[in-house]
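Asks: what shape does this take:
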Amino acid sequence: MKKKIEDFSKVQSGFPLRNTTFEGGVYSQLVLNPPKDQSIELHNVSFIDCRIVDGTAIISEGVTLKEVQFINLHCSDALEIDTRASLENVKVVGNRKPQMIWLHSTDRTEHSWPSAGENSCYIDISEYHGEVSITGISTSSIRINPAEHFLIELPRFQQADWNEINVPPLSFWRVRAKLVAASGSKSGIFSLDFKDGPQRVEVLEELEVLKSYGVMK
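Replies: Presented below is the predicted three-dimensional model:
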C-alpha cells in the first residue's frame, strides 16, 4: 500500500504506522520526535526513493522502528538516529542516499535491546555506500560491509603501546577511537569519509599497521 504524508510532524504519538510504503514522496523533512513519555511506532514501513527537501531526517528517543527500510533516501544531510530509539531489523540501502548514516546517543551510554531472533539485527547497512558514524549502540547486532565499514573496539586502542606503534594521536583511527570513548561506548563503526587521494592512502597504510599490532581486525 502506497501512502503519502506531507508533513511527518503529523504522525501522532502513540499512533502505530504499519504495513505502509512511501514511494517517490517529496517531504520538507522527516522528523519523528515524540514528546517525552510518549512514543511513535513504525512497523513494516518502507521509504523508497523519497526526497527530503531541507535534508533533515531525525529519529529521536521514544520511536520504535521495526522492519523499516530506507531505500535510496535522497537526503543531503545525515539520517540521524538517537540510539535511545528502539531498532529492530532496520535497513538502509543506497549510494550516498542519505549522504550519511549517523547513530549516536546524547546520554553517554551504549544502548542495546533483546534480540528478536538469531537472524535479526538492530540495523543493516551492508548495502549502504557512504559516510557512516555509529556510536552509542551495541555494534554486535549491526550488519555491515567489512570492505567499507570499520569496527573500532575501544579496549584494543586503550591497551595498545602507542610508543611502539607508529600511528600519531591525530590519525583518522585514533580520533575515531576518541569519539567512541566520548560516547561512553565500547565500540563504534565508521567509514572512510573520503574516496581517494593521498589521505586515503595514508589512512589505509595506518590501518595495516594497526592490524599488524592487533589493534584493528
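Asks: which residues are in contact with residue 87?
Replies: Contacts for residue 87 were tallied using Cβ atoms under 8 Å, 6 or more residues apart in numbering; they are 65, 81, 113, 122, 123, 137. Any C-beta I mention is one placed from the backbone N, CA and C, and that applies to glycine too.
Asks: now with 7 Å, please.
Replies: When the contact criterion is Cβ atoms under 7 Å, 6 or more residues apart in numbering, the partners of residue 87 are 65, 122, 123.
Asks: can you tell me the helix or strand for the first one?
Replies: Right, residue 65. Here residue 65 is covered by strand 63-71, with elements defined by DSSP states H and E.
Asks: sheet partners, orientation included, of that strand?
Replies: Strand pairing for strand 63-71, using DSSP bridges, gives strand 40-48 (parallel), strand 86-88 (parallel), strand 90-104 (parallel).
Asks: list the buried ones in the longest one?
Replies: What it means is strand 90-104. Using 16 or more other Cβ atoms under 10 Å as the test for burial, strand 90-104 gives 90-94, 97-104.
Asks: isn't residue 90 right up against residue 64?
Replies: No: counting by Cβ atoms under 7 Å, residue 64 is not a contact partner of residue 90; they are 10.3 Å apart.
Asks: need the strands paired with strand 63-71 in CSV (columns: mean pLDDT and distance to residue 27).
Replies: Formatted as CSV, the entries for those read as follows, by pLDDT from 0 to 100; distance: least, Cβ to Cβ, whole Å:
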stretch, mean pLDDT, distance to residue 27
strand 40-48, 94, 9
strand 86-88, 94, 21
strand 90-104, 96, 13
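Asks: as CSV, those strands with distance to residue 212 would be great.
Replies: Compiled in CSV, those are given as follows (distance: least, Cβ to Cβ, whole Å):
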stretch, distance to residue 212
strand 40-48, 42
strand 86-88, 35
strand 90-104, 29
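Asks: which one of these lies nearest to residue 21?
Replies: Set against residue 21 and scored by Cβ to Cβ, those come closest in strand 40-48, at 4.6 Å.
Asks: just give me how far the longest helix seen in the chain sits from the chain centre.
Replies: The helix spanning the most residues in the chain, taking DSSP state H as the definition, is helix 198-212. The chain centre lies 23 Å from the centre of helix 198-212; the measure is Cα atoms, centre = their mean, to the nearest Å.
Asks: so where's the protein shaky on pLDDT?
Replies: Applying pLDDT under 70 to the predicted model, the residue ranges of the chain that meet it are 1-15, 115-117, 194-195.
Asks: got a list of what the nearest residue to residue 69 once chain neighbours are set aside touches?
Replies: For residue 69, the nearest residue in space outside its immediate sequence neighbours is residue 46; the separation is 4.4 Å by Cβ to Cβ, 6 or more residues apart in numbering. Counting by Cβ under 7 Å, 6+ apart, residue 46 makes contact with 21, 22, 69, 71.
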